[in-house]
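In: Just need the structure, nothing else, for what follows:
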Amino acid sequence: MTRFCLFALMLCVLALSFALPVQAQTSRLYFAGYMGLNTYGDNSLTESGSGIAGDIEFDNTLSFAGALGLRITKQIRAEAEISHRKADLNTFDIQGGASVRNGGDVTSLIYMLNLMYDFDLDWRNFQPFVSAGFGFASHEAHIIDASGFAPDATDDSMSLAWSLGGGLKYRISDNTAFTGNYRYLGTQDIQIDTYDMEYSSHEFRVGLEYDIPVRDFTPAGLVAYINSVACVGVFIISPRSTRRKKRRRHFIFLRGEAEIRRAVISGLLRNSGTPRL
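Out: The predicted structure follows:
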């Protein structure tokens, strides 16, 4: 398992090193941080044991997110995002009955792959965009029932998640931009012991994008780099057996390590000519 993880890490390094410059930005790769205000509408809540059903209200809360982005083209980009939020439960409106105060909270970690489209409109450094995301959510929920008709509950739950939204980006320099956006965020129903709860929110976010300063590889440097990663991959995943095979793996590793150094140095050359390997 450790060998496989090391090989995966090498492939990630290769992907990071393939970041090429884009017009109006300094790199295809960027890091983004977001802070958002989450507002919740009425989400249905059902308790199977007692048969009680109604709508649960959440208090508004803040969310925080970090994302690694890749500009696929000048207008299309993708983000791998992790976000966190904790929302307190407020009022439970029981169907055919009164509204009661409920205690508890729902803490959510949401892992999302976002696809974004930047419109080819640039007015005073402002650029609109739309986004759609899909992933999964990990919830930790606590319900303290104040009605006296249903039990308290604590449970963890996993569910699919999705989002849809849009916003504006304001570029303050070649490698930095402020963003502001709205998105609708929803998940599958959360299972909390005998409870079944809907979960969705309206999220208003501000953020900051920063281009990761990664130089591009020339073709020869890229070929050498791929070759070196392949050599290290053979070393990592090859089985241990005889002394002869061990010595061969050691040779492969040294060869791969040397080519990595040479490829990295070549790839970081500022000129656009063929690197000297």
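In: Tell me the strands beside the top strand by length along the chain, with direction?
Out: Determined from DSSP state E, the single longest strand within the chain is strand 153-173. Using DSSP bridges, strand 153-173 pairs in its sheet with strand 126-144 (antiparallel), strand 176-192 (antiparallel).
In: so can I have JSON lines of the ones you listed showing mean pLDDT, distance to residue 104 and mean neighbour count?
Out: To be clear about C-beta, it is placed using only N, CA and C from the backbone, and glycine gets the same treatment. Formatted as JSON lines, these follow (pLDDT from 0 to 100; distance: least, Cβ to Cβ, whole Å; neighbours: other Cβ atoms under 10 Å):
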{"stretch": "strand 126-144", "mean pLDDT": "94", "distance to residue 104": "4", "mean neighbour count": "17"}
{"stretch": "strand 176-192", "mean pLDDT": "95", "distance to residue 104": "9", "mean neighbour count": "18"}
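In: Go through those and name the closest to residue 88.
Out: strand 126-144 (9.8 Å; Cβ to Cβ).
In: Beta-bridge partners for residue 139, please?
Out: Where residue 139 sits in a bridge, its partners, by DSSP bridges, are residue 108, residue 157.
In: got the contact list for it?
Out: 106, 107, 108, 156, 157, 158, 159, 187, 190, 199 (Cβ atoms under 8 Å, 6 or more residues apart in numbering).
In: quick one on the thing from earlier: for the longest strand of the chain, which positions count as buried?
Out: 153, 157, 159, 161, 162, 163, 165, 167, 169, 171 (16 or more other Cβ atoms under 10 Å).
In: Let me know the pLDDT of the nearest residue to residue 134 once chain neighbours are set aside.
Out: Spatially, and ignoring its direct neighbours in sequence, residue 134 is nearest to residue 162 (5.2 Å; Cβ to Cβ, 6 or more residues apart in numbering). You'll see residue 162 listed with a pLDDT of 97.
In: Of all the strands paired with strand 153-173, which one comes closest to residue 82?
Out: Nearest of the strands paired with strand 153-173 (Cβ to Cβ): strand 126-144, 9.3 Å.
In: CA atoms only for the closest one, dumped as PDB, please.
Out: These are the backbone C-alpha positions of strand 126-144, laid out as PDB (Å, rounded to 0.1, in the frame of the first residue of the first chain):
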ATOM      1  CA  PHE A 126     -14.600  42.100 -13.700                       C
ATOM      2  CA  GLN A 127     -15.400  38.800 -15.200                       C
ATOM      3  CA  PRO A 128     -18.700  36.800 -14.600                       C
ATOM      4  CA  PHE A 129     -18.700  33.000 -14.300                       C
ATOM      5  CA  VAL A 130     -21.100  30.100 -13.600                       C
ATOM      6  CA  SER A 131     -20.400  26.900 -11.700                       C
ATOM      7  CA  ALA A 132     -21.700  23.500 -11.100                       C
ATOM      8  CA  GLY A 133     -20.400  20.900  -8.700                       C
ATOM      9  CA  PHE A 134     -20.800  17.300  -7.700                       C
ATOM     10  CA  GLY A 135     -19.300  15.300  -4.800                       C
ATOM     11  CA  PHE A 136     -20.200  13.800  -1.500                       C
ATOM     12  CA  ALA A 137     -20.800  15.100   2.100                       C
ATOM     13  CA  SER A 138     -19.900  13.800   5.500                       C
ATOM     14  CA  HIS A 139     -22.300  14.800   8.200                       C
ATOM     15  CA  GLU A 140     -22.200  14.500  12.000                       C
ATOM     16  CA  ALA A 141     -25.600  15.300  13.400                       C
ATOM     17  CA  HIS A 142     -27.100  15.700  16.900                       C
ATOM     18  CA  ILE A 143     -30.800  16.100  17.500                       C
ATOM     19  CA  ILE A 144     -32.300  17.100  20.900                       C
END
